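**Student:** sequence and predicted model, in that order:
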Amino acid sequence: MEERDAFLKHKRCKIMDTEELEKILEEKSRNYCWLFTLFILASTPGIFNSMHITSYVFLSDNPKFWCDIAVLRNANWTDEQIRNVSAVNPQAVENCLMYDWDYENFKKIGYEEAMKYIENNTKPSQVACTGYRYQEEKPSIVSEWDLVCGSSALKPVSQALVPIGKVAGGLIFGIFCDKYGRKKGFIISCVMYMIASTIAGVTHFYSIFLILRFIIGVAGSGVYSAGFTILTEMTVKRWRTWLGVVYNISYSFGYIILPIFAYFSSDWRQLQYYMCIPSYLLIINCWLLPESARWLITEGRYEEAKKTVYGKRFRRPTDAEPKRPVPAHNTNMQSDERHRFWDICSVPMKLFQLFTYWESTKRILICYFGWFVAAFYYLLIVMNGRNFSANKYLYVALNGLVEAPAYIMPVLILSYIGRKLSTSVIFIISGLALLIILLLEDATAVMIVALVGRFCMSAVFAILILYTSELFPTSNRNSAVGSSLTVDQIGAILAPYIVDLGISIVWYLPSTVAGVLSTTTGLLIFMLPETRNKPLLDLLEDMKGISSRDKVSCLNCCTFT
């Protein structure tokens, strides 16, 4: 026991470096309880991410509506009676216009006489509604702020602002976490989450609600990236891949929990409260989640790194600790800030360089298209449940159930099949699933086929990020992956607009568009080179010397090695 204590004391007195940290983390990883706790603390915010990104299905609605005639309503006329005398088409789901009758006179003569008057007289001009009445299951943001007719385009904005916020959050917190620490970024994101989701449930102004949805997107991106970085930097290589793949499993729990909250809520505000209140449990995550020891070491904060790794066992040694040269960024803060400035400025330059070679240009454009379609399909399929005439509560919950195993499937597939074939085939299966829906009439069959597509598209994300990273050299790999993740948010932004367009035109429009795009993506990926078991390039210039079978070409469609 004394020898062990002496050994620990010796280890604590040493200056910690990344090699020593790797050895310590290897030892700590044998403690599965510690590993599981770290995983839970880092990944649980994903539950709230998925709930907020999917809540649009329940917060909004597509109710039947007609013009509100206050004078008749105050005279105790029923909604059906008001609709019959005023609506241009009483049976239509949407009525944005009404006949300009003398409704004060109708009030005096009563409903029966008013109907006789309408039958015997020429219909007057049509005018726009000044107010609306709704027939809906529960009050939604649509009826709260009259997001119909001329204001209908404002409804999907509430959904589009979440992925827009994610793009902004990725940029803001990416820089913030590199400079001030992963845990600080995590804590600030959690606080933003709690505050924004709380106010969103009480505000009476749609403009404020939209701003809060944007902030929720920013916070979601910040907490996701910070948690993921801490998890990967505090685990060893043999666990890093598995934990990185299953990190998103928390999203499936969010999809399952959300419809339960929605089912028991009486209106959209109560649903917002149900999503908000559990988010305060993130205080526990903020308290217990450690800072990344790797980041602390790179910042020269060695004692804090030791405390993070050793926990309560660490005590500042009484004897003098060996002095280590203070890193340049501590002795010269101005120089450090200049380096950070140029690092930020180099990001667009690295991105621009991808388009200076024809080979890298072809690769990045195909990757962009794939990421765009993946995000577009992924969100559209869950929001389009109402167009499938499916029970939206059951449908969203089933989306969550199929998502969990979908994150495991890539690990098994990539052990036997290359990136190119697996990505292409999964995209094509996803596309064909939605196109087959056109031939089906049974609502249950439609829902099952749609869930097959959802399963495949959830699985393709894990493969696509690996494939994208391997297609580009080390010098520009981060720019390629980062810009691809930005492009995929464009697909997420467009998804609610296409879904709403399908509601107003024809129900199968969104699924058909997604099916065609997904199938096209699968065919395009056949032209990319296979990267499995091949050395990664270091510089863009290295692309000049690659063989013809490793270039983007139609001739390589059947090459899978």
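**Tutor:** Received it, and whenever you're ready, just let me know what you need.
**Student:** which one is residue 404 nearest to, not counting chain neighbours?
**Tutor:** residue 252 (4.2 Å; CB to CB, 6 or more residues apart in numbering). (Each C-beta comes from the backbone N, C-alpha and C, glycine too.)
**Student:** correct me, but residue 538 touches residue 473?
**Tutor:** Yes. Residue 538 lies in contact with residue 473 (CB atoms under 8 Å); the separation is 5.5 Å.
**Student:** okay, the two: which has more neighbours?
**Tutor:** Each of residue 538 and residue 473 has its neighbours counted (other CB atoms under 10 Å); residue 473 has more, 18 against 11.
**Student:** ok, the more buried one to residue 541 distance?
**Tutor:** 8 Å (CB to CB, to the nearest Å).
**Student:** neighbours around the residue nearest to residue 404, how many?
**Tutor:** There are 23 residues near residue 252, going by other CB under 10 Å.
**Student:** now do residue 481
**Tutor:** Applying other CB under 10 Å, I find that residue 481 has 19 neighbouring residues.
**Student:** got a list of what it touches?
**Tutor:** Residue 481 sits next to 465, 468-469, 472 when contact means CB atoms under 8 Å, 6 or more residues apart in numbering.
**Student:** swap in 10 Å and give it another go.
**Tutor:** 367, 371, 464-466, 468-469, 471-472 (CB atoms under 10 Å, 6 or more residues apart in numbering).
**Student:** let me know the secondary structure of residue 30.
**Tutor:** coil (DSSP: H, G, I helix; E, B strand; the rest coil).
**Student:** now do it against residue 23, distance only.
**Tutor:** 12 Å.
**Student:** neighbour count winner among the two?
**Tutor:** Neighbours per residue (other CB under 10 Å) separate residue 30 from residue 23, with residue 23 holding more: 12 against 8.
**Student:** pLDDT score for that one?
**Tutor:** On the pLDDT scale, residue 23 is placed at 72.
**Student:** quick one: low-confidence parts of the stretch 451-561 of the chain?
**Tutor:** 474-475, 478, 503, 555-561 (pLDDT under 70).
**Student:** could you pull out the helices for it?
**Tutor:** Secondary structure of the stretch 451-561 of the chain (DSSP state H, counting those that start in this stretch): helices located at 477-504, 509-525.
**Student:** what of the stretch 51-200 of the chain?
**Tutor:** In the stretch 51-200 of the chain, the segments counted as helices under DSSP H, counting those that start in this stretch are 56-59, 70-73, 79-86, 103-109, 111-120, 141-145, 157-180, 182-200.
**Student:** and the last one, what does it pack onto?
**Tutor:** With contacts defined as 3 or more CB pairs under 10 Å, 6 or more residues apart in numbering; DSSP states H and E, the packing partners of helix 182-200 are helix 32-43, helix 45-54, helix 157-180, helix 206-233, helix 268-276, helix 282-288, helix 293-298.
**Student:** low-confidence ranges in the stretch 301-450 of the chain?
**Tutor:** For the stretch 301-450 of the chain, the stretches flagged by pLDDT under 70 are 311-348, 350, 386-390.
**Student:** try 50 this time
**Tutor:** Scanning the stretch 301-450 of the chain for pLDDT under 50 picks out the ranges 314-335, 337-338, 341.
**Student:** returning to that earlier point: of the contacts of residue 481, closest to residue 144?
**Tutor:** Minimum distance to residue 144 across those is 34.3 Å, recorded for residue 371 (CB to CB).
**Student:** isn't the closest one right up against residue 486?
**Tutor:** Yes. The criterion here is CB atoms under 10 Å, and residue 371 meets it with residue 486 at 8.7 Å.
**Student:** neighbour count: these two, which is higher?
**Tutor:** Remark: of residue 371 and residue 486, residue 371 carries more neighbours, 25 against 17, as counted by other CB under 10 Å.
**Student:** just want the angle from the helix or strand that one falls within to helix 509-525.
**Tutor:** Residue 371 is part of helix 358-383, with elements assigned from DSSP states H and E. With axes from the mean of the first three to the mean of the last three CA atoms, to 10 degrees applied, the angle from helix 358-383 to helix 509-525 works out at 150 degrees.
**Student:** mind checking how far helix 358-383 is from the chain centre?
**Tutor:** 15 Å (CA atoms, centre = their mean, to the nearest Å).
**Student:** so which elements touch that helix?
**Tutor:** helix 45-54, helix 56-59, helix 157-180, helix 392-413, helix 419-436, helix 443-471, helix 477-504, helix 509-525.
**Student:** closest to residue 285 out of the ones you listed?
**Tutor:** Of these, the one closest to residue 285 (CB to CB) turns out to be helix 45-54, at 7.0 Å.
**Student:** for that closest one, packing partners?
**Tutor:** By 3+ CB pairs under 10 Å, 6+ apart, helix 45-54 packs against helix 157-180, helix 182-200, helix 206-233, helix 249-264, helix 268-276, helix 282-288, helix 358-383, helix 392-413.
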